[in-house]
Every structure is written in C-alpha cells, then in structure tokens.
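Trainee: next comes the sequence, and after it the predicted model I'd like to discuss.
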Amino acid sequence: MKWKTTLLSAFQIARPVNVLIGMLSIFIAAVISGTIQPYFKVLLAVLSGGIITAAANTVNDYYDLEIDKINKPNRPLPAGKLSRKAAFWLWLCEFITGIVLSGFINTLAFFIATVFSVILFFYSFILKRLPLWGNFAVSLSSAMAFVYGGVAVNRVRQTLIPAGFAFFYHFGREIIKDMQDLEGDAHGNAKTFPLLFGKKAAIRLVTLIFILLILLTILPYVIHWYGGYYFLVIVIGVYPVLIYALISIRLDQGVRNLGLVSNVLKADMLIGLLAIYLG
C-alpha cells in the first residue's frame, strides 16, 4: 500500500543509524556526567536530539536531490519513493517538534536545539557547498550532542572532552565522504575541499585530523581523567580503525572503497561511545 511505502521511506530518509548514534551520544553524555537525573529531562534530550538529527538528514536529502541522483540513487527521494513535497513537510515538522520538546528541558537546551537546527538547515541549504564550512558545521553539531546531554542534567563540563573527540572524528569522516561524493558534488556545483584542492590534499588533511585525534584521546588517560578500560577499548577498537582508514584511502580512492571506509568509521563510533562510557 502507498501509505506503507511512504512511512517506510520517511523512516529511511531519516537515516536511523545516524539517529541512533546521536541519541546514544546524548544519553552517554548524561551518564558520564555522573547522573541521569532528572530522568524525564534526559529522555526529552534523547528524543528531541534524535528528532532534530532525523530532520537534518531529511532536509539534507531535500536539497541534495540532484546530487543524490548520482551519488546515492537508492535513497527515497532520488528513487522516487518519497515526494519532495512530503520531504519538505517532514523535515519542517521534525525540526519544530525537536525544538518544542527541548523547551521542556531548560532554557539552554532550547537555545542549543534552536541554534543547531538553524545551522543544520543552512548546512544543507548552502554550507555543504562551501569548502570545509559544511564539514565544520556537521562536526560541531555532532559534538554538541554530548554537550546537550550534559545540559539536560546541568553538568556540561564533564561532557566537553567527548565532545572534542566527536568533533575531530566526524571532521575526518566528513572529508572522506566528500572524496567519495566528488562526481555528484561537481554536478551540483558544490565547492568541497577535495573538489577545490584534490584528493591528495584531502588525504593529508584527514591524516592531520586523525593524528591530532589520536593524540587528544591519549591525554585523558595520561592525566587520569579516564581509566584503564577506556584506554584499552580505544587502543583495541578505535586506533586500528583510524589507522586502517588512513592506509586504505591512500591505497584506493575509488568510490566503493571510500564508501566502505566511511561506513566502517560510522560503525566504530559505537566503540568510541563504549570507551567513553567505560572511562
């Protein structure tokens, strides 16, 4: 039935894995801050953050339709499973719902939800087509998920370290995704870093970002902010993936391999979250 197809497409366009990672980040941020009370506010933060993430993914597909016809033809919009009009109302309702829910947490949460909803909208509308600005916006928004969790329990300071890790992790991955999407981005007149400066420069930038990330993740263990379990999981489950990504993108810049590396990095975010939780 048509309504079932539409409902499934609305679920798919939200990119549920990304939404889940965002929601887990918010919840873990509350946990590592030392408390998940008040429970209701943590729940609201998780829900509103997840809905805003879904809205951001939907509006991204709305504006990237022509690009996705080349880069991601199986997504709901380019595949014709969901109309552009339906996507418009979907992301608008999701943004509004997420912001309204944040208002029941506290004033700072409402401010963060509103500001970053606007940032994520402008990312899809224009920033994605500018070198590094789009990557910066997405990475900062991903990092803010941790801060948002801390805001829900009024303990922001404890969430700043994982927020910093998330920023650099996403920044490197976003550059790799831009390398993967070169053909469609060129067709859509998106002036991404790899398009302007080439893949070799992009690889050097990703290498610099990931080396900096590795050094930063050692610091909390050395100064005894995080314990041995954190460092063990990072060494076993995160560093090898970062090194694999750097080696792989140097050896093979094909679309398929870059997509594989991007997906492996996405999956490894869960390991990173586990390390922070255990820390």
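Mentor: Nice, I can see it.
Trainee: show me where the stretch 1-150 of the chain has helices.
Mentor: 2-13, 16-32, 39-63, 65-71, 84-102, 107-125, 133-152 (DSSP state H, counting those that start in this stretch).
Trainee: buried residues in the fourth one?
Mentor: By 16 or more other C-beta atoms under 10 Å, the buried positions in helix 65-71 come out as 67-71. For every residue, glycine as well, the C-beta is placed using N, CA and C.
Trainee: got it, and the longest one?
Mentor: Within helix 39-63, the residues that qualify as buried are 41-63, counting by 16+ other C-beta under 10 Å.
Trainee: for stretch 8-24, which outside residues touch it?
Mentor: Residues outside stretch 8-24 that contact it (C-beta atoms under 8 Å, 6 or more residues apart in numbering): 46-47, 49-50, 53-54, 57-58, 61, 75-77, 81-82, 86-87, 90, 94, 142, 145, 266, 269-270, 273.
Trainee: list the residues that contact L205.
Mentor: 175, 193.
Trainee: give me phi/psi at it?
Mentor: phi -70, psi -50 (degrees, to the nearest 10).
Trainee: how far away is it from G198?
Mentor: Counting by C-beta to C-beta, to the nearest Å, the gap from L205 to G198 is 11 Å.
Trainee: with R15 instead?
Mentor: To G198, R15 is 29 Å away according to C-beta to C-beta.
Trainee: more neighbours: which of these two?
Mentor: R15 (20 against 13; other C-beta atoms under 10 Å).
Trainee: from Q37, how far off is that one?
Mentor: 31 Å.
Trainee: cool, L278 as well?
Mentor: Distance from L278 to Q37, by C-beta to C-beta: 21 Å.
Trainee: who has more neighbours, those two?
Mentor: Each of L278 and Q37 has its neighbours counted (other C-beta under 10 Å); L278 has more, 16 against 12.
Trainee: quick check, pLDDT for the more buried one.
Mentor: pLDDT recorded at L278 is 84.
Trainee: that one reaches I234, doesn't it?
Mentor: No - the pair L278 / I234 is not scored as a contact, 9.7 Å apart, by C-beta atoms under 8 Å.
Trainee: endpoint to endpoint, stretch 229-239 covers what distance?
Mentor: Stretch 229-239 stretches 14 Å from its first residue to its last (C-alpha to C-alpha, to the nearest Å).
Trainee: same deal with stretch 119-130?
Mentor: For stretch 119-130, the separation between the terminal residues is 14 Å (C-alpha to C-alpha).
Trainee: ok now that stretch, how far from the chain's centre?
Mentor: Centre-to-centre, stretch 119-130 and its host chain are 14 Å apart (C-alpha atoms, centre = their mean, to the nearest Å).
Trainee: now that stretch: mean pLDDT?
Mentor: 88.
Trainee: touching that stretch from outside, list them.
Mentor: For stretch 119-130, the external contacting residues (C-beta under 8 Å, 6+ apart) are 52, 55-56, 59-60, 62-64, 95, 133-134, 137-138, 140-141, 185, 188-192.
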